[in-house]
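Asker: Sharing a model that was predicted from the sequence below.
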Amino acid sequence: MTQQQTAGPPAAGPADLAEEFLDRRTPLSRIRNTLHRYPALSPAIVLIVAVVAFGLLNDRFLRVENLSLITQQVSVVGTLAIAQTLIILTAGIDLSVGAVMILASMVVAQLADSYGLPGPLALVAGLAVGLAAGALNGFLVTRFRLPPFIVTLGTLNIFIALTLLYSGGSTVRGSSMPGLLTWMGSTFPVGPVRISTGVVMMLLLYVAVAFILGKTAWGRHVYAVGDDKEAARLAGIPVNRVLMSVYLAAGAVLAVGAWIQIGRTNAASPNAGVDLNLDSITAVVIGGTSLFGGRGSVWGSLLGALIVGVFRNGLSLAGLDVLYQTLAVGVLIIIAVSVDQWIRKVKS
Amino acid sequence: MTASQLESTGTELRQPILQARNLVKTFGRVVGLDGVSLDLYPGEVLAIIGDNGAGKSTLIKCLTGAEVPDSGELFVSGQPVHFKRPQDARVHGIETVYQNLAVSPALDVASNLFLGREERRAGLLGSVFRMLDTKGMRLKAKQELTRLGISTLQDVTVPVENLSGGQRQAVAVARAAAFGSKVVVLDEPTAALGVRESNQVLQLVKDLRDRGLPVILISHNMPHVFDVADRIHIQRLGKCAATITPQSHTMTDAVAIMTGAATA
């Protein structure tokens, strides 16, 4: 038997390599393999092409003021996309991200405005709202085993209603809030570009979440749970605890998103951000994270959010109707999901 | 073969590593296990065979914490234990390779080997930032594969989904062998494999036994069972119909007992 052991594999090695291991027979499958290994690659290419194309179409596009504006426009959706990525990685989906963020922002703003709560305390209250919303979603998903789509469709409506009930439908202006709450909207110059604090905060969140997902055991477990829940359970991963922590983490990220949103719009409005839910999903999907879970990266979602921002901005600079922006985003989503499906065929 | 002879003479004198007494498990009105007992002695390969629905998988799920039996007792090295989840069995040194392999396709080989028990970096990076020791785990994974003689897995950074069935099986077996300090349980390890890959897995099973690690092997494949097993536990209709050895019975006898055409 020892003979067979030493003699067997080398003879079979090349066949395995060629047939199953690398699958590099055609240029197309080689591209597919590369995209499969680096999921953030395809959105990066799309972003570069889009920036170059819009730059050629309109010379105002590449001006620093415009690029700085795009980053600010992206800061809220980009933050929501972090929370959305965490949940989509576990093969879930969160339709309530925008509603949670708006609810948190209303609570923060109202507590500061009507009850005179100091800025830091109001923000802590906002964090509590985000965590509570995450806990509710996570509880329903793990304990009642309801599909995340249904759970968050329900909580989406609940949170929208709570927001309107709580705020009485009225907007709180930035000027009636403590300075800390609108701080995320303030900008500072970096060379010729003006960067907002909110953009910096969003980038810090990306760095932190990318580190946690890529370099910690918890991150591995998030991927494993999204990849194959039963396999993860049998491998000894506490699946429900991981899911719960993902929803809590998403809630915390959304609370920070609320802070950025207040700064960005210089107000807290209960009617803002209805379309932010879908924009965050769009960013994640375009960013190459698979809706089937276990595959993707948070950096891809940042690229996805930037792509959406660049398309909207570039198309409006090109003088196209806002409807064409929506149309373009729709086409992008379908292309992104098709590419994802194609890339996933690599294993068969 | 010497091990099996030792077994048949000294069975009663040695303490079983894993013991099950009167395990009962029902699923609604379906009786999965109807009072099954089992002993696993050090350094043996115990095969569990049986027709579909005979309770093989339920039995090992109860032994490995994947299912909780309704009643009955489990002992590890003579000590009573209660497994509520797979981790409980792992703590007692029982590692399992499930039929569906329980590997995470998108993660690489090294990550899969250490899935659920990742190692962190030394110092502040590990304790404060909880940073994984990816390099160290890859090195250890490589060493473990070499030690087990698994040469089909050269690159431990390849995602498992890019591997062939046999290679995936090797990953799952390597994980069990690397961490199983007392018992390794294999559920249908050769079911999806070709001839060459099956032989490699069977060789792995023999290697594990030769290192003193007892193995429980569930299989449908009679030649494989008779090739590696020291004793054979035959499940029939949720009960243990007989426990035989490859020396005392032929394959035909085993099949007859399995189907109820004969008794031991």
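Answerer: Yep, it's here.
Asker: Need the CA coordinates for stretch A:278-288. PDB is fine.
Answerer: Extracted C-alpha coordinates of stretch A:278-288, given in PDB (Å, rounded to 0.1, in the frame of the first residue of the first chain):
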ATOM      1  CA  LEU A 278     -32.500  49.300  -2.800                       C
ATOM      2  CA  ASP A 279     -29.400  51.500  -3.500                       C
ATOM      3  CA  SER A 280     -27.500  49.600  -0.800                       C
ATOM      4  CA  ILE A 281     -28.400  46.200  -2.300                       C
ATOM      5  CA  THR A 282     -27.500  47.500  -5.700                       C
ATOM      6  CA  ALA A 283     -24.100  48.600  -4.400                       C
ATOM      7  CA  VAL A 284     -23.400  45.200  -2.800                       C
ATOM      8  CA  VAL A 285     -24.600  43.300  -5.900                       C
ATOM      9  CA  ILE A 286     -22.600  45.400  -8.300                       C
ATOM     10  CA  GLY A 287     -19.700  45.000  -6.000                       C
ATOM     11  CA  GLY A 288     -19.500  41.300  -6.700                       C
END
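Asker: tell me the mean pLDDT for that stretch?
Answerer: Per-residue pLDDT over stretch A:278-288 has a mean of 90.
Asker: quick one: contacts of that stretch?
Answerer: Residues from elsewhere that reach stretch A:278-288 (CB atoms under 8 Å, 6 or more residues apart in numbering or on different chains): A:39-43, A:46, A:77-78, A:80-81, A:83-85, A:88, A:93, A:97-98, A:291, A:296-297, A:299-305, A:307-308, A:329, A:332-333, A:336-337, A:339-340. C-beta here means a position set from N, CA and C on the backbone, and glycine is covered the same way.
Asker: Check stretch A:338-345 too.
Answerer: Applying CB under 8 Å, 6+ apart, the external contacts of stretch A:338-345 come out as A:Arg32, A:Leu35, A:His36, A:Pro39, A:Ser42, A:Val285, A:Gly288, A:Ser290, A:Leu291, A:Phe292, A:Arg295.
Asker: let's go with 10 Å and repeat that
Answerer: Stretch A:338-345 is contacted by residues A:28-29, A:31-37, A:39, A:42-43, A:46, A:285-286, A:288-292, A:295-296, B:106, B:161 when judged by CB atoms under 10 Å, 6 or more residues apart in numbering or on different chains.
Asker: now what about the one helix or strand A:Thr182 maps to, what contacts it?
Answerer: Per DSSP states H and E: A:Thr182 is located in helix A:179-182. By CB under 10 Å, 6+ apart, the surrounding residues in contact with helix A:179-182 are A:105, A:108-109, A:111-113, A:118-120, A:122-123, A:126, A:172-175, A:186, A:197, A:258-259, A:262-268.
Asker: For stretch B:25-42, the averaged confidence score.
Answerer: For stretch B:25-42, mean pLDDT is 92.
Asker: mind listing what's buried in that stretch?
Answerer: In terms of neighbour count (16 or more other CB atoms under 10 Å in any protein chain shown), stretch B:25-42 has its buried residues at B:Lys25, B:Val31, B:Gly32, B:Leu33, B:Val36, B:Leu38, B:Asp39, B:Leu40, B:Tyr41, B:Pro42.
Asker: Contacts made by whatever helix or strand comes next after the helix holding A:Thr182 with the rest, please.
Answerer: The helix or strand immediately downstream of helix A:179-182 is strand A:187-190, counting by DSSP H and E. For strand A:187-190, contacts defined as CB under 10 Å, 6+ apart pick out A:Val64, A:Ser68, A:Gln72, A:Val193, A:Arg194, A:Ile195, A:Ser196, A:Thr197, A:Gly198, A:Val199, A:Val200, A:Gly263.
Asker: partners of strand A:187-190 in the sheet?
Answerer: Paired strands of strand A:187-190, with direction, are strand A:193-196 (antiparallel) (DSSP bridges).
Asker: buried ones in the partner strand?
Answerer: Residues of strand A:193-196 classed as buried by neighbour count (16+ other CB under 10 Å): A:Arg194, A:Ile195, A:Ser196.
Asker: for those, which one is nearest chain B?
Answerer: A:Ile195 (26.5 Å; CB to the nearest CB).
Asker: The closest one and A:Leu67, how far apart?
Answerer: Counting by CB to CB, to the nearest Å, the gap from A:Ile195 to A:Leu67 is 10 Å.
Asker: With B:Asn162 instead?
Answerer: For B:Asn162, the distance to A:Leu67 - CB to CB - is 39 Å.
Asker: the more surrounded of those two?
Answerer: Each of B:Asn162 and A:Leu67 has its neighbours counted (other CB atoms under 10 Å in any protein chain shown); B:Asn162 has more, 21 against 16.
Asker: How about A:Val108, nearest residue that isn't a chain neighbour?
Answerer: Excluding its sequence neighbours, the residue lying closest to A:Val108 (CB to CB, 6 or more residues apart in numbering or on different chains) is A:Gly126, at 3.9 Å.
Asker: in which helix or strand would I find that neighbour?
Answerer: Using DSSP H and E, A:Gly126 falls within helix A:119-143.
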